[in-house]
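Undergrad: model the following, please.
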Amino acid sequence: MGVISPVETLFLKSQHRLLLLQPRDYSHPLVLHNTRRHFANFPRNNSFSSSSLGSCSVDFPVRSNPISQRCKDGNSSYPWRRYVSESDTNEMYHKKVSIMETLKQANSFIPHAILSSTILALLYPPSFTWFKPRYFVPGLGFMMFAVGINSNERDFLEALKRPDAIFAGYIGQYLIKPLLGYLFGVISVSLFNLPTSIGAGIMLVSCVSGAQLSNYTTFLTDPSLAPLSIVMTSVSTATAALVTPMLSLLLIGKKLPVDVVGMISSILQVVVTPIAAGLLLNRLFPRLSNAIKPFLPALTVIDMGCCIGAPLALNIDSILSPFGATILFLVITFHLLAFVAGYFFTGFFFSKAPDVKALQRTISYETGMQSSLLALALATKFFQDPLVGVPPAISTVVMSLMGVSLVTIWKNRKE
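TA: Model prediction:
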């Protein structure tokens, strides 16, 4: 141990201060060169003293170890001794990461959000009555924006290369599901003695296009097939202006007028515009896109809860009527058979496809989930009997709960 001069002490402090400027970059060549060149002959833990500067013990850094500094001074403290421990830095870093991860994993709370919004809407309807039907389209559009910003335009071009799968989804939407809807509509009237308007409401649910929520559930289960699901839903929605009135006339027995201009506007608002906005944002402003992405799952959960709870709250009187439990049973069974039929139908015709399981899940979502909000809007606008809107309102909750439950089951099986 040797005593060094005050000049050498000041130089030592200047070199140490340089090290503290970049506490994580210990391999900086200038720092290492100067430190080792000027103090190579000093022992590792030199103690030096000065009557005016106090005493310190300094550990010189190496490439693999952080700076360790120990200073003691009973009389005063010096600004250059400021030091942030690596444990504090790691704590702040991990706290930031944990918040981001929590936001990204918010999708896992979708079943809880749907169930909670359902219970809250039934127990306290005013909590959702503020979410008027005019908010449904923007709400669904936000979900599509979340899917678009996490997708790539090349994914959609690849989806168009599978016309057989798109046609299979179309068959599930407009053939398998309407047949099941007609069957349960007849059963509700003839077997359970429900009003004719209830049977018409079940049939109306089976006649509308695919639900945009099916795109989101596909995205959660099989992200690579989300563009294919969007194309399926877009095709069924684009043709709904012609197919839905024809099926309604065939199944319900009366013509159901549809506002073609309004339908086109709905397609643009709910599907095309949000998806295109997400894709463009992802392509032109990647930094902004990456900054937004972590917050979308949590916002989507809130949005979905509102879209689920509002139809229940707005139709609470009819849902809690004496025949409400019977309607619930019929709607649950209808959706369950639609999910199962879509799954096994796809497995039979695409048994040799390399991604048959993922395709089965995708078309099962497309067959079992439809735009019940659209059916509810049509029932409110084109039918005078309010009971026609009860099955669509219940269907909105049932198909959402069943869809997200399948997401949980299938994701666990994949993992």
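Undergrad: shaky segments in the stretch 151-300 of the chain?
TA: Residue ranges of the stretch 151-300 of the chain with pLDDT under 70: 155, 253-264, 266-268, 271.
Undergrad: ranges for the helices of it?
TA: Taking DSSP state H, counting those that start in this stretch as the criterion, the stretch 151-300 of the chain carries its helices at 153-159, 163-171, 177-190, 196-207, 212-221, 226-238, 240-251, 260-267, 273-284, 286-292, 296-314.
Undergrad: distance to residue 147 and mean neighbour count added to those helices, as JSON lines?
TA: No exception for glycine: its C-beta is placed from N, CA and C like everyone else's. Output for those, formatted as JSON lines (distance: least, C-beta to C-beta, whole Å; neighbours: other C-beta atoms under 10 Å):
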{"stretch": "helix 153-159", "distance to residue 147": "10", "mean neighbour count": "15"}
{"stretch": "helix 163-171", "distance to residue 147": "16", "mean neighbour count": "18"}
{"stretch": "helix 177-190", "distance to residue 147": "22", "mean neighbour count": "20"}
{"stretch": "helix 196-207", "distance to residue 147": "23", "mean neighbour count": "26"}
{"stretch": "helix 212-221", "distance to residue 147": "5", "mean neighbour count": "27"}
{"stretch": "helix 226-238", "distance to residue 147": "6", "mean neighbour count": "24"}
{"stretch": "helix 240-251", "distance to residue 147": "20", "mean neighbour count": "19"}
{"stretch": "helix 260-267", "distance to residue 147": "15", "mean neighbour count": "15"}
{"stretch": "helix 273-284", "distance to residue 147": "7", "mean neighbour count": "17"}
{"stretch": "helix 286-292", "distance to residue 147": "13", "mean neighbour count": "12"}
{"stretch": "helix 296-314", "distance to residue 147": "9", "mean neighbour count": "22"}
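Undergrad: nearest to residue 388, out of those helices?
TA: Within the helices of the stretch 151-300 of the chain, the stretch nearest residue 388 is helix 196-207; the backing value is 4.4 Å (C-beta to C-beta).
Undergrad: quick one: list the elements packing against that closest one.
TA: Helices and strands touching helix 196-207, by 3 or more C-beta pairs under 8 Å, 6 or more residues apart in numbering; DSSP states H and E, are helix 177-190, helix 240-251, helix 324-349, helix 372-382, helix 390-414.
Undergrad: other SSEs contacting the second one?
TA: Of the remaining helices and strands, those touching helix 240-251 by 3+ C-beta pairs under 8 Å, 6+ apart are helix 177-190, helix 196-207, helix 260-267.
Undergrad: those helices into TSV, with extra columns for distance to residue 412?
TA: Formatted as TSV, the helices and strands packed on helix 240-251 follow (distance: least, C-beta to C-beta, whole Å):
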stretch	distance to residue 412
helix 177-190	27
helix 196-207	29
helix 260-267	34
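Undergrad: quick one: closest of those helices to residue 324.
TA: It's helix 196-207; of these, that one is closest to residue 324 (C-beta to C-beta) at 10.2 Å.
Undergrad: which other residues reach the closest one?
TA: Helix 196-207 has contacts (C-beta atoms under 8 Å, 6 or more residues apart in numbering) with 177-178, 180-182, 184-186, 188-189, 243-244, 247-248, 251-252, 256, 323, 327, 330-331, 334, 370, 372, 375, 378-379, 383, 385, 387-392, 395.
Undergrad: quick check: angle from that helix to helix 240-251?
TA: 140 degrees (axes from the mean of the first three to the mean of the last three C-alpha atoms, to 10 degrees).
Undergrad: next, the angle from helix 196-207 to helix 390-414.
TA: Angle of helix 196-207 versus helix 390-414, following the same axes, to 10 degrees, is 40 degrees.
Undergrad: please tell me how far residue 296 sits from residue 217.
TA: 15 Å (C-beta to C-beta, to the nearest Å).
Undergrad: how about residue 354?
TA: Remark: distance between residue 354 and residue 217 (C-beta to C-beta) = 22 Å.
Undergrad: what comes into contact with stretch 161-179?
TA: 159-160, 203, 206-207, 209-210, 228-229, 231-232, 235-236, 243, 247, 251, 338, 341-342, 345-346, 349-350, 359, 362-363, 366-367, 370.
Undergrad: still on that earlier bit, quick one: closest of the helices and strands packed on helix 240-251 to residue 124.
TA: Closest to residue 124 of the helices and strands packed on helix 240-251 is helix 196-207 (C-beta to C-beta; 25.1 Å).
Undergrad: closest one to residue 312 among the helices and strands packed on helix 240-251?
TA: Here helix 196-207 is closest among the helices and strands packed on helix 240-251 (C-beta to C-beta), at 14.8 Å.
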